[in-house]
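Engineer: One predicted model, sequence on top.
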Amino acid sequence: MSFLPLSVLMNSNRENDIPVSISMGKEKNFKQFRDEVSAMKARLSMRGVTSVVLAATSSYSFSVGFLAGLHAGCRIVIPPNSLPGMLDHFVTEVCPLLGDVPTGRGDNHILLNGETAEGGNFTDLDPKNCHLDFYTSGSTGNPKRVGKRLSQIEDELIILHETFGAQLGTAATLGTVSHQHIYGLYFKAFLPLCEGRPFFPGTFEIWEELLAAAPPGACFVSSPAHLSRIPPREPLAGDMQPPLIFSAGGPLGFEAACHAAEVFGTIPTEIYGSTETGGVAYRQQKTATTPFVPLPGNETRVDGAGLLSVKSNYTDGGDWDATNDIAERFDDGSFLLTGRANQFVKIEGKRVSLAEVEKFLCSSDLVRDAAVLVLHDARQSLSAIVELTELGWQRHADLGAFRLSRHLRRQLSRDLENAAMPRRWRFVRRLPVNAQGKHLQQALHELFTDKGPAD
Amino acid sequence: MDDFELEIKKLVIKTLNLEDITPEEIGSEERLFVEGLGLDSIDALELGVAIQKTYGIKINSQNDDLKEHFSSVRSLARFIASERKELGA
């Protein structure tokens, strides 16, 4: 199968009947895809918008919106999720939402509804003049913009194709991760699209559903959250085994990698990278100390404190980017990750800013002050210590600690993904603080050392 | 059936390490996910694994309305009981 860059795909001679997506046993082929892009491009052009917020539940709709937006000359804003609080940050009259689920935003929402227009006229995109804005958790608690040009995305996809394309062949792709993050976007949607392989547009939440839908020899795009929670089952038969299983978002435990290999017949291929740097390195954990090897075009170095920096041909200016990871680096540029460096933590593969969670918690009228930390228990759970307001204590008396914690989680769910919501809670009269008003980390951790009374 | 529902409530609390709640405080018909007990998708994965390990049943997404079976302790109890009967256990 020939690889076609995104910038030329719409104007290419790719055959009409090449499958793009498979959903509920129904295939959408390239002609359908092109006609949907064509119709949406016309709608966007007619409306005259120059930027859109793209957030869809389906990777297929997302891909339609992405190419339609670029062909209509729009800058595309890609939020990390489509929670209402997140979309509120970005959606305006001049930067409407392009999405596939009704949101009650009226004219500020252009619905990706599968409309088609035949015989659309496309010219090649200029990849250096197509702009995308990705967003990740920022250290101040607000989303942080990471700008990219289409040319950078294309260069990366070519490297991924050269590295993995031969093994992938014509494999269909199914994912447990979202395309709103760059890893899912590349591996679950764009790489298959460019390579002419079909992808399943939904995000599978449980393995049983993914395995029931998977055609023989399909590729899985997953994460440590799922690969460390494979249900007990017989190993997959030879023809059902995936040629490649991808994992990204955080380190996959060696035991989990071995168990996945037993069940699926393939050791997961871990991708190390970030929104800023894109894909940097990869490995298959044959042993507990298999290092990550840089993808072509990437260089690594560590500073005196062990902080890993990455230089990629695919980032702006090709300069060194400091990561948030501590690494042990070997002479050939490969490396092992040994820890995280700052206030960001990784929970279930999602980058979480503790400051952001604290900010949203404190916005509740039940909460006076809050501290959030990560406990190194079995689930690496996020834990919250909350100083309640008078109203908060009343609710505490009515509901009890558990129900109150669930109530606060529901309040947070407007702004935070599941992984970023605290699982363990302690309600206190006063947060332990030092003379400078800083939270005392050790005292906070001690609140969780044994199961004591809630307050 | 009530004893079995209590057993499942204990399994939910133990598997998910829920704190500040006793099995008796979970309603048998209370929603487990999003509303009610407020469990999330990772909890669903862990609960699915624990149930299959504990009761030796297989969860098969093709035949069953999984969301419905996992909607409350009562529906889970019914689901597990009928699956075990099928296994002849």
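Structural biologist: Nice, I can see it.
Engineer: from here on, contacts and neighbour counts on C-alpha atoms
Structural biologist: Noted.
Engineer: Now do the SS call for the residue sitting nearest the centre point of chain B.
Structural biologist: Within chain B, the residue whose C-alpha comes closest to the C-alpha centroid is residue B:76; the distance, by Cα atoms, centre = their mean, is 4.5 Å. Classification of residue B:76 into helix, strand or coil gives helix, according to DSSP: H, G, I helix; E, B strand; the rest coil.
Engineer: Quick one: classify residue A:133 as helix, strand or coil.
Structural biologist: What three-state DSSP gives for residue A:133 is strand.
Engineer: My guess is it contacts residue A:143. True?
Structural biologist: No. When contacts are counted by Cα atoms under 8 Å, residue A:133 is not listed as touching residue A:143 (11.2 Å).
Engineer: tell me the pLDDT at residue A:343?
Structural biologist: We have a pLDDT of 65 for residue A:343.
Engineer: do you know how far residue A:14 is from residue A:62?
Structural biologist: According to Cα to Cα, to the nearest Å, residue A:14 stands 20 Å off from residue A:62.
Engineer: cool, and residue A:428?
Structural biologist: Taking Cα to Cα as the measure, residue A:428 and residue A:62 are separated by 44 Å.
Engineer: out of those two, which sits in the busier spot?
Structural biologist: Here residue A:428 and residue A:62 are set side by side on neighbour count (other Cα atoms under 10 Å in any protein chain shown), and the busier one is residue A:62, at 23 against 17.
Engineer: which stretch of helix or strand covers that one?
Structural biologist: Counting by DSSP states H and E, the secondary-structure element that holds residue A:62 is helix A:59-71.
Engineer: Against which helices or strands is that helix packed?
Structural biologist: Packed against helix A:59-71, as judged by 3 or more Cα pairs under 8 Å, 6 or more residues apart in numbering or on different chains; DSSP states H and E, are the following elements: helix A:30-47, strand A:51-54, strand A:75-78, strand A:97-99.
Engineer: angle of that helix against helix A:30-47?
Structural biologist: For helix A:59-71 and helix A:30-47, the angle between their directions (axes from the mean of the first three to the mean of the last three Cα atoms, to 10 degrees) works out to 50 degrees.
Engineer: Flag every residue of chain B that's near chain A.
Structural biologist: By the criterion of Cα under 8 Å from any Cα of the partner chain, the positions of chain B lying close to chain A are B:18-21, B:34, B:37-38, B:40-42, B:45-46, B:48-49, B:52-53, B:58-62.
Engineer: what's the closest non-adjacent residue to the residue of chain B found nearest chain A?
Structural biologist: Closest contact between chain B and chain A, by Cα to the nearest Cα, is at residue B:49 (4.7 Å). Leaving aside its chain neighbours, residue B:49 sits nearest to residue A:231 (4.7 Å; criterion: Cα to Cα, 6 or more residues apart in numbering or on different chains).
Engineer: ok, the one you found - contacts?
Structural biologist: Listed by Cα atoms under 8 Å, 6 or more residues apart in numbering or on different chains, the contact partners of residue A:231 are A:207, B:48-49, B:52.
Engineer: Could you pull out the buried residues of the helix or strand of chain B with the lowest mean pLDDT?
Structural biologist: Each helix and strand of chain B was given a mean pLDDT (mean pLDDT, DSSP states H and E); the minimum falls on helix B:66-69 at a mean of 85. Buried residues in helix B:66-69, defined by neighbour count with 16 or more other Cα atoms under 10 Å in any protein chain shown: B:66, B:69.
Engineer: if we look at it, which residues are touching it?
Structural biologist: Under the criterion Cα under 8 Å, 6+ apart, residues B:75-76, B:79 lie in contact with helix B:66-69.
Engineer: And what about residue A:158, helix, strand or coil?
Structural biologist: Using three-state DSSP, the three-state assignment for residue A:158 comes out as helix.
Engineer: before we move on, back to that, residue A:230 is in contact with the residue of chain B closest to chain A, correct?
Structural biologist: Yes. The pair residue B:49 and residue A:230 passes the contact test of Cα under 8 Å, sitting 7.2 Å apart.
Engineer: Now stretch A:62-78: average pLDDT?
Structural biologist: Mean pLDDT, taken over the full extent of stretch A:62-78, equals 98.
Engineer: what sits against the residue located most distally from the centre of chain B?
Structural biologist: The C-alpha centroid of chain B is most remote from residue B:88, which lies 20.1 Å away (Cα atoms, centre = their mean). Counting by Cα under 8 Å, 6+ apart, residue B:88 touches no other residue.
Engineer: Now for the residue in the stretch 51-200 of chain A positioned nearest to chain B, how many residues are close by?
Structural biologist: Distance from chain B to each residue of the stretch 51-200 of chain A (Cα to the nearest Cα) is smallest for residue A:176, at 11.2 Å. Residue A:176 has 22 neighbours, counted by other Cα under 10 Å.
Engineer: repeat for residue B:87
Structural biologist: Taking other Cα under 10 Å as the definition, residue B:87 ends up with a neighbour count of 11.
Engineer: what's near enough to touch the residue nearest to it when sequence neighbours are not counted?
Structural biologist: For residue B:87, the nearest residue in space outside its immediate sequence neighbours is residue B:57; the separation is 7.7 Å by Cα to Cα, 6+ apart. Taking Cα under 8 Å, 6+ apart as the definition of contact, the neighbours of residue B:57 are B:51, B:80, B:83-84, B:87.
Engineer: Mark which of those are buried, thanks.
Structural biologist: Of all the contacts of residue B:57 considered here, the ones buried according to neighbour count by 16+ other Cα under 10 Å are B:51, B:80, B:83.
Engineer: Just say helix, strand or coil for the first one.
Structural biologist: Classification of residue B:51 using three-state DSSP returns helix.
Engineer: what's the spacing between it and residue B:2?
Structural biologist: For residue B:51, the distance to residue B:2 under the criterion Cα to Cα works out to 18 Å.
Engineer: Make a markdown table from the buried ones among the contacts of residue B:57 and add pLDDT to it.
Structural biologist: Written out in a markdown table, the entries for the buried ones among the contacts of residue B:57 read as follows (pLDDT from 0 to 100):
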| residue | pLDDT |
| --- | --- |
| B:51 | 93 |
| B:80 | 92 |
| B:83 | 86 |
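Engineer: The residue in the stretch 251-400 of chain A that chain B sits nearest to: neighbour count?
Structural biologist: With distances taken as Cα to the nearest Cα, the stretch 251-400 of chain A approaches chain B most closely at residue A:400, which sits 7.9 Å away. The burial metric for residue A:400, expressed as a neighbour count using other Cα under 10 Å, is 15.
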